[in-house]
Every structure is written in C-alpha cells, then in structure tokens.
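Peer 1: sequence? don't have it. structure:
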C-alpha cells in the first residue's frame with residue numbers, strides 16, 4: 001500500500017475547495033496538515049475548518065514545500081500556477097490533485113504530466129461533475145453501448161456569471177483574468193463538455209470555435225463560447241459555455257445509432273434514455289463505491305491501492321480536454337477550423 005498520510009494545500013483561491021474539506025476530515029490515517037495562500041483571511045478560514053495551528057499556515061507555498069514533510073498536495077491556486085506547483089511537488093516526490101481546468105494551455109498540461117511521470121508520482125485532475133451520480137450514470141451508459149455508437153454530443157452548461165452567482169472576490173479576481181485563468185466562460189464551462197467529450201469520443205481531428213462578449217461588454221474575457229469538434233467523418237461534438245444565462249440551466253444530449261440520452265434543461269441533473277422498443281425512461285444514476293464518491297477520499301484511496309485515476313479524473317483525459325480548449329482559442333484567433341496533428 002502506497003503511503004499517503006500528510007497532505008498540504010497549495011492555494012485557497014478556488015472556491016470549490018470549501019466543498020471538499022469535510023470528507024477529508026474523516027480519512028483514516030491521513031489528514032491535511034498545512035496550507036499556503038497569500039491571503040491571510042483564507043489562511044484563517046482554512047485553519048478554522050481543519051484545526052490547523054499558525055505554524056501550519058504559509059503565505060508562500062514554496063516555503064511550505066521546503067519545510068513540511070508531505071506525501072501529497074491539493075492545488076487550488078489560480079490556473080496559471082498549476083504547472084509550476086505540480087512540477088515542484090513532483091520534484092519532491094509528492095502526488096498532486098489539481099482542480100479543473102488542468103492548465104491554461106496544453107503545453108502547461110504536458111509539463112504537469114511529464115513531471116509526474118519522471119518522478120513516478122500520481123496526478124489527478126478534479127472535475128466536480130465526476131462526483132454526480134447521474135452524470136456518472138450517463139457516461140457509464142454511453143460507454144456500455146446503451147445507445148450504440150455515438151455520432152453527436154451536445155453539451156451546454158453555465159450560469160449568470162461568477163460575480164452574479166456570489167463567488168468570492170478571491171475567486172473572481174483570477175477567473176476574469178486571462179493571464180491567470182487562460183480565458184473566461186469558454187475556459188470555465190466548455191472544459192466540462194470537453195472532458196466528457198474526450199471520455200466518450202477521444203481526441204478530435206479538428207476544432208472550430210467562436211466566442212464573444214454578448215452581454216457583458218466590459219469583461220476582458222469572453223462571456224460566451226461555442227466549440228464544434230469533429231472526429232473525422234464519424235462524430236461531432238458541440239460544446240457551449242456561458243456566463244450570461246439568467247436562469248441556471250444546462251442541456252446535455254448524446255445521440256447514438258441505437259438511441260439517445262438527454263437532460264432536462266432546467267430540472268435536476270437527471271437524464272432520460274430513449275431507445276426503440278423500450279421508449280423513454282429515466283436513466284439510473286451510478287452507484288459510487290464507498291470512499292470514491294468525493295474527490296479527496298478518492299484521491300487518497302486510489303493512491304493507496306495503486307489504482308489509476310479513471311475517466312475524467314485522469315490527467316490523460318484532462319489533457320485531451322485541454323487540447324480541445326487550446327485549439328478552440330487558436331480557432332477563434334484565426335477565425336477558421338484548427339486541425340489537431
């Protein structure tokens with residue numbers, strides 16, 4: 001069994017982290033022992049959450065890595081730091097779980113994968129949808145052949161915008177910064193669709209994308225983006241992300257040669273499968289194994305059992321999603337489709 005007992009946190013500016021800490025408190029023989037962030041208020045918050053003393057809090061994550069004896073790190077810093085932090089951790093033999101998106105560019109994603117491979121450490125990319133039983137049930141059904149060979153995916157997701165949704169100022173400060181995040185709504189939400197598309201269809205042959213500030217004209221990043229990915233002559237995926245949708249909603253559809261699966265746009269994240277003969281019926285959610293239904297417990301368990309991070313949690317799948325996003329931004333800049341070599 002691989003050793004993982006002491007975990008550190010690099011960065012606290014990604015709001016998703018606050019949803020993940022409670023399950024980490026119940027891990028057997030493993031705990032989060034330190035955290036680093038430049039913001040004193042966030043250090044105080046995580047100290048209260050995890051009962052950390054002042055000696056376990058750092059303004060500089062590099063100083064934390066130098067001083068602390070760790071087995072792994074959770075990276076919840078701005079996207080621009082993911083590659084550097086992963087490389088620094090790998091050089092010290094530390095496993096890494098980084099929050100989505102994996103990186104700003106595919107080149108940075110490649111640096112992360114290369115560093116982990118060279119060091120023999122593990123790298124997981126956390127997508128919150130991985131822990132949704134209905135989404136997992138959908139992916140499992142498609143991969144099992146329930147609707148036959150998939151020829152079309154339409155994945156739309158988004159909300160009214162991070163600030164409008166009530167995200168913290170620490171989160172928003174970098175979400176709206178292209179240099180720190182790599183983009184806006186396209187980076188934030190199309191990465192979900194890209195990760196699911198990569199899981200189902202693999203790597204596309206070409207990508208065409210458009211984006212713009214359709215509502216929020218003052219933003220320095222796009223408030224809407226649409227990606228069309230082609231998989232030779234076999235399949236197409238349409239991936240949409242928005243920060244201007246007034247009512248929360250999503251639209252996810254898979255079309256195969258033997259049927260289709262679709263979501264309800266404004267209801268719960270439940271999915272309906274429709275096939276000839278059986279008609280339309282609710283798709284059963286997946287049953288997530290104990291200890292594998294939340295990101296940090298999954299991360300620890302898989303390392304201890306020497307089992308791979310699977311599906312959209314794998315760095316390899318996240319790398320394809322990153323390649324789709326990179327090609328999308330290149331397509332937007334050139335206003336033409338971009339072929340993937």
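Peer 2: Structure's in. What do you need? Treat the numbers as computed from the prediction; the structure is a model and nothing was measured.

Peer 1: strands of the stretch 201-341 of the chain, start to end?
Peer 2: Using DSSP state E, counting those that start in this stretch, the strands found in the stretch 201-341 of the chain span residues 206-212, 224-231, 235-242, 251-256, 259-263, 271-275, 279-282, 338-339.

Peer 1: what does the shortest one rub up against?
Peer 2: By CB atoms under 8 Å, 6 or more residues apart in numbering, the list of residues contacting strand 338-339 from outside reads 205-208, 327-328, 330-331. Every residue, glycine included, has its C-beta placed from N, CA and C.

Peer 1: could you dump the strands of the stretch 201-341 of the chain to TSV with mean neighbour count, distance to residue 119 and mean pLDDT?
Peer 2: Shown next, in TSV, are the strands of the stretch 201-341 of the chain (neighbours: other CB atoms under 10 Å; distance: least, CB to CB, whole Å; pLDDT from 0 to 100):
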stretch	mean neighbour count	distance to residue 119	mean pLDDT
strand 206-212	19	32	98
strand 224-231	22	32	98
strand 235-242	23	33	98
strand 251-256	19	37	94
strand 259-263	20	40	94
strand 271-275	18	39	94
strand 279-282	10	45	94
strand 338-339	14	32	98
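
Peer 1: closest one of the contacts of strand 338-339 to residue 215?
Peer 2: Nearest to residue 215 among the contacts of strand 338-339: residue 328, at 19.9 Å, using CB to CB.

Peer 1: how many residues are close by the closest one?
Peer 2: When neighbours are counted by other CB atoms under 10 Å, residue 328 registers 27.

Peer 1: show me the beta-bridge partners of residue 155.
Peer 2: Beta bridges link residue 155 to residue 239, residue 252, judged by DSSP bridges.

Peer 1: residues contacting it?
Peer 2: 192-193, 196-197, 237-240, 251-253.

Peer 1: list the helices and strands the longest helix along the chain packs on?
Peer 2: The longest helix of the chain (DSSP state H) is helix 315-334. Judged by 3 or more CB pairs under 8 Å, 6 or more residues apart in numbering; DSSP states H and E, the packing partners of helix 315-334 are helix 106-119, strand 123-126, helix 185-201, strand 206-212, strand 224-231, strand 338-339.

Peer 1: distance to residue 144 for those - can I get that in JSON lines?
Peer 2: Listed next are the helices and strands packed on helix 315-334 as JSON lines, based on distance: least, CB to CB, whole Å:
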{"stretch": "helix 106-119", "distance to residue 144": "28"}
{"stretch": "strand 123-126", "distance to residue 144": "24"}
{"stretch": "helix 185-201", "distance to residue 144": "12"}
{"stretch": "strand 206-212", "distance to residue 144": "27"}
{"stretch": "strand 224-231", "distance to residue 144": "19"}
{"stretch": "strand 338-339", "distance to residue 144": "31"}
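
Peer 1: and those: which comes nearest residue 23?
Peer 2: Closest among the helices and strands packed on helix 315-334, once you apply CB to CB, is strand 123-126, at 12.6 Å.

Peer 1: show the subsequent helix or strand relative to that closest one.
Peer 2: Once strand 123-126 ends, the next helix or strand along the chain (criterion: DSSP states H and E) is helix 133-143.

Peer 1: and which of the contacts of residue 155 is nearest residue 227?
Peer 2: Residue 227 lies nearest to residue 239 out of those, by CB to CB, at 4.2 Å.

Peer 1: where does the chain have low pLDDT?
Peer 2: For the chain, applying pLDDT under 70 flags the ranges 248-249, 265-268.

Peer 1: what domains does the record give for it?
Peer 2: Taking automatic domain parsing as the domain assignment, the ranges for the chain are 6-128+291-313, 130-287+321-339.

Peer 1: quick one: buried residues of stretch 120-140?
Peer 2: By neighbour count with 16 or more other CB atoms under 10 Å, stretch 120-140 contains the buried residues 121-127, 129-132, 134-140.

Peer 1: that stretch spans what distance, first to last residue?
Peer 2: End-to-end distance for stretch 120-140: 29 Å, by CA to CA, to the nearest Å.

Peer 1: now do stretch 212-225
Peer 2: 7 Å.

Peer 1: swap in stretch 14-29?
Peer 2: Using CA to CA, the two ends of stretch 14-29 sit 26 Å apart.

Peer 1: neighbouring contacts of it?
Peer 2: 5, 7, 9, 31-32, 45-46, 49-50, 74, 76-78, 99, 126, 128, 167-168, 170-171, 294-297, 300.

Peer 1: kindly report the same for stretch 273-283.
Peer 2: 134, 137-138, 141, 146-147, 258-262, 270-272.

Peer 1: how about 6 Å then?
Peer 2: 137, 141, 259-261, 271-272 (CB atoms under 6 Å, 6 or more residues apart in numbering).

Peer 1: and of the residues you listed, the nearest to residue 337?
Peer 2: Distance to residue 337 across those (CB to CB) is lowest for residue 260, with 26.4 Å.

Peer 1: relative to residue 154, how far out is the nearest residue to that closest one once chain neighbours are set aside?
Peer 2: Ranked by CB to CB, 6 or more residues apart in numbering and with sequence neighbours excluded, the top spatial neighbour of residue 260 is residue 274, at 5.3 Å. When CB to CB, to the nearest Å is applied, the distance between residue 274 and residue 154 equals 15 Å.
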